[in-house]
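A.B. asks: Sharing a sequence plus its predicted fold:
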Amino acid sequence: MAELPLTPRPAATLVLARDTPDGLEVFMMQRTHQAVFVPGGYVFPGGAVDTADADAFADLSQSCLSDAEASRRLSIAQGGLAYWVAAIRECFEEAGLLLAYDRAGKLVELNDPGIASDFAAMRPLVASGELGFADMCARFGIRPAFDRLSYFAHWITPVGAPRRFDTRFFVAIAPASQTGSHDNAETIGHAWMRPSDALARQRAGELDMMFATIRTLEELARFDNTEALMTYAATERAIPTYLPRVSTGPKGRRVLIQGDHAYAEVGKLDPNGKGHVLSHIVPGTLTVLSPRLRRVTAPNPHFMTGPGTNSYLIGASEDIAVIDPGPADPTHIDQLLAHANGRIRWILTTHTHIDHSPGAALLKQKTGAQVLGLPAPDAGNQDRGFRPDDTLHDGQRIEVGGCTLQVIHTPGHASNHLCYLLEEDHILLTGDHIMQGSTVVINPPDGDMRAYLASLERLKEFDISYFAPGHGFLMEKPHAVIDRIVAHRLARERKVMAALRSLDRATTQALLPIAYDDVPPQRHAMAERSLLAHLQKLEADGLVAQHDAQWQMQTPL
């Protein structure tokens, strides 16, 4: 029976900040070395949410922060107020710092030794549960200062951790007269630190921190003072949910978040968070993506090819198909033969650029396999020696190795570009139509921007769960990936048109440094090809025209 991941427990964390002559400081605590969660680590005050706490403040909250409004800010259906209460309560229990208003509506300060002593006596009682936090507030005639807190971040503990929390991070300015202290129970040390100093000490190995704390400190380090921090935190904005995943990187354990290249692949191959899946691509290493799909990357890393060209082994039987055998590298071909674990009977290519198809001839020579694909077009940096035994067409279904591949013609990057949908796994092998970590080059005359964008949109018609690109790792949420690519291309198109309007008439060479001012000069030669592709698309759309090697906006009829 498969092991089920622990369900994360709702939790709240409060980052208290203060201004000093040296800059903004935040309050941090060191957890006991016997703790199950982050033993010995430095954290911000916080802990699990107790929904009963919020019930006691429901009536009070209507005048300052209702449960409905708190829930809206957290993007949950209900129960949001409990997170604000938990953040304030846990901060009091763990750090002795209290954000509350007295009967006069003033922030509680602990200048008076008698008042400070009274609250200090209550702290262990609340922490142990002997006295409810709401009961303490009623006894002293105080109420939580909900309006002093701003929602800042959302982190969920990685799958596989011994304890998991679904934690909302809040920020607030610390009361001026309160300095805080550890409780000698759950925490054994405390300190006010500048975020940059805390990060430096973590990098030096002096402080142990979990990933979410490090990333939060990196965010906090951007602010010079509490006013800047709280102004930013109070701004309505979409706050992403971060669910880290643990992997194995070149230097050992590596934590990933959404946006990291290996994030989707690690989640698919390691659903229980054991951390054994590689988050870096090693040429020649076999990566099993499913019982029917395996990847071997060629040793041709480059800024145009990323970590190298991916070759895919397809098959759930002894008969195997190879998609994109890569460059004519004998070592890579031998590795494909070694990892095939069966007879290679079919060789398919997505297109005939020289990092994808030249290996087909060498692999056929060694195996006698049938070569399938489309012939090389006349233009572009093509593999002229590619000779398919049979040509493929859009919509064709091929049975290989006990699997079904659907052929999808996707012109744009190359006129003969094909993608292959592995129907049993709902994985699309994209070749260079969709790449990871790099913008696909559209190089006229064979490259066509208009066709490329149309091919991207067409992929939304298919039942796809993952993209398996020609360079990089598995990519999830295919519709979102397509939308990002299209948005990027259209944003560049708008920039091209704005540059053209500013110059009235211009050559591509004159437009390039304006429309591609965010691209390093050493890559301008390739950028100029993409610029030409954009201009040709705009010309086909009737928006620009070319006269005497110069481009200009087309006057509407």
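C.D. replies: Alright, I've got the coordinates. Residues are numbered from 1 along each chain as shown.

A.B. asks: pLDDT weak spots in the stretch 51-200 of the chain?
C.D. replies: For the stretch 51-200 of the chain, the stretches flagged by pLDDT under 70 are 58-63.

A.B. asks: likewise the chain?
C.D. replies: For the chain (pLDDT under 70), the answer is 1-5, 58-63, 556-557.

A.B. asks: redo that, cut-off 50
C.D. replies: Within the chain, the stretches with pLDDT under 50 are 1.

A.B. asks: Pull out the buried residues from the longest strand anywhere in the chain.
C.D. replies: The longest strand of the chain (DSSP state E) is strand 9-20. With burial defined by 16 or more other C-beta atoms under 10 Å, the residues of strand 9-20 counted as buried are P10, A11, A12, T13, L14, V15, L16, A17, R18, D19. All C-beta spots, glycine's among them, are computed from the backbone N, C-alpha and C.

A.B. asks: Domain map for the protein?
C.D. replies: Domain segmentation of the chain under automatic domain parsing yields 9-243, 245-280, 285-476, 485-553.

A.B. asks: returning to what we had before: alpha carbons only: can I get the longest strand of the chain in CSV?
C.D. replies: The C-alpha coordinates for strand 9-20 follow below in CSV (Å, rounded to 0.1, in the frame of the first residue of the first chain):
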residue,chain,number,x,y,z
ARG,A,9,-1.7,21.5,9.6
PRO,A,10,-2.9,25.2,9.4
ALA,A,11,-0.4,27.5,11.1
ALA,A,12,0.6,31.2,11.4
THR,A,13,3.9,33.0,11.7
LEU,A,14,4.5,36.6,12.7
VAL,A,15,7.5,38.5,11.6
LEU,A,16,8.0,41.4,14.0
ALA,A,17,10.2,44.3,12.7
ARG,A,18,11.7,47.4,14.2
ASP,A,19,13.8,50.3,13.0
THR,A,20,17.4,50.9,14.3
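
A.B. asks: After it, which helix or strand is next?
C.D. replies: Once the chain leaves strand 9-20, the next helix or strand it forms, by DSSP states H and E, is strand 23-31.

A.B. asks: now for the longest helix anywhere in the chain, which elements pack on it?
C.D. replies: Ranked by residue count and defined by DSSP state H, the top helix of the chain is helix 478-503. Packing partners of helix 478-503 (3 or more C-beta pairs under 8 Å, 6 or more residues apart in numbering; DSSP states H and E): helix 449-458, strand 466-469, helix 508-515, helix 524-540, strand 550-553.

A.B. asks: any idea of the angle the fourth one forms with helix 508-515?
C.D. replies: What separates the directions of helix 524-540 and helix 508-515 is an angle of 100 degrees, with axes from the mean of the first three to the mean of the last three C-alpha atoms, to 10 degrees.

A.B. asks: Not counting helix 524-540 itself, show me its contacts.
C.D. replies: 304, 439, 441-444, 447-450, 452-453, 489, 492-493, 496-497, 508-509, 511-513, 515-516, 519, 544-546, 551 (C-beta atoms under 8 Å, 6 or more residues apart in numbering).

A.B. asks: Could you pick out the buried ones from the residues you listed?
C.D. replies: Buried among these (16+ other C-beta under 10 Å): 441-444, 447-450, 452-453, 489, 492-493, 496-497, 508, 511-512, 515-516, 519, 544, 551.

A.B. asks: coming back round to it: pull up the pairing partners for the longest strand of the chain, direction included.
C.D. replies: Sheet pairing of strand 9-20 (DSSP bridges) gives strand 23-31 (antiparallel), strand 46-48 (antiparallel), strand 165-173 (parallel).

A.B. asks: for those strands, which one ends up most surrounded?
C.D. replies: For those, average neighbour numbers computed from mean count of other C-beta atoms under 10 Å are highest in strand 165-173, which has a mean of 24.
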